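Undergrad: From the sequence below, what's the structure:
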Amino acid sequence: MLSSIHPLGERAKNNRFGLTAALFALGSVAGGATTGVVIGIAGLAADAVSSPDAAVLSAAIVVFAAGIVEWRGAALPSLRRQVDEDWLTRYRRWVYATGFGFQLGAGVLTYITSAGVFAALGCALFVGHPAGAMAIMATFGLTRGLSLVAARSITTPDRLRAFFRRLHATAPSAKRVSWITLVAVAVATPATLL
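TA: Next up, the predicted model:
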């Protein structure tokens, strides 16, 4: 996404990057909330057949498994599609910014690159209520929506190249932080039962 929407590209279209990024974030929150409602409705069935303690332990197991999958670098089941970059030239800013944000914030409408998506979905499922699931996934969407903040300094072609060099160089560390966070959350989650 950062290669598609950044200040340099938005300036070329006579758009203010800040507004584009805000529309992207709003779309991302809406996408996450929509997924949350759907998962939350399914979670009602899980809640009906399990105790609250079992739900918490189930969520911890899903998050732990996601951490292990992230650590191992295993292939994740997902759709084999990304957002359509033709939207950038075909539609107005509000359409591509909110549309891209919605698809990425939903978590399941594009190629899944992190097991953290499944951890969020598992937590939303086992929370046992559509409003709780919506809150979890809307927060997930917000974190995806804020990803454009990292691109705010891309104002020249040289900065764009340097940004992607840094992004590539830090990818292994980011992956490591991701799986450590998932495992830590999974280990800490059962403590809520005490």
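Undergrad: what about the residue nearest the centre of the chain, which helix or strand?
TA: The structure's the chain has its C-alpha centroid closest to Arg144; by C-alpha atoms, centre = their mean the separation is 4.3 Å. For Arg144, the host element (DSSP states H and E) is helix 130-145.
Undergrad: List the buried residues in the helix or strand bottoming out on mean pLDDT in the chain.
TA: The helix or strand of the chain with the lowest confidence, counting by mean pLDDT, DSSP states H and E, is helix 52-72 at a mean of 86. In terms of neighbour count (16 or more other C-beta atoms under 10 Å), helix 52-72 has its buried residues at 55-60, 62-67, 69-71. The C-beta positions use only the backbone N, C-alpha and C, and glycine is treated the same way.
Undergrad: Now do that helix: distance to the chain's middle.
TA: Here helix 52-72 is found 17 Å from its chain centre; the criterion is C-alpha atoms, centre = their mean, to the nearest Å.
Undergrad: Can you pull out the residues in contact with it?
TA: 46-47, 50, 76, 114-116, 118-119, 121-123, 125-128, 175, 178-183, 185-187, 189-190, 192-193 (C-beta atoms under 8 Å, 6 or more residues apart in numbering).
Undergrad: Swap in 7 Å and give it another go.
TA: 46-47, 76, 114-116, 118-119, 122-123, 126, 128, 175, 178-179, 182-183, 185-186, 189-190, 192-193 (C-beta atoms under 7 Å, 6 or more residues apart in numbering).
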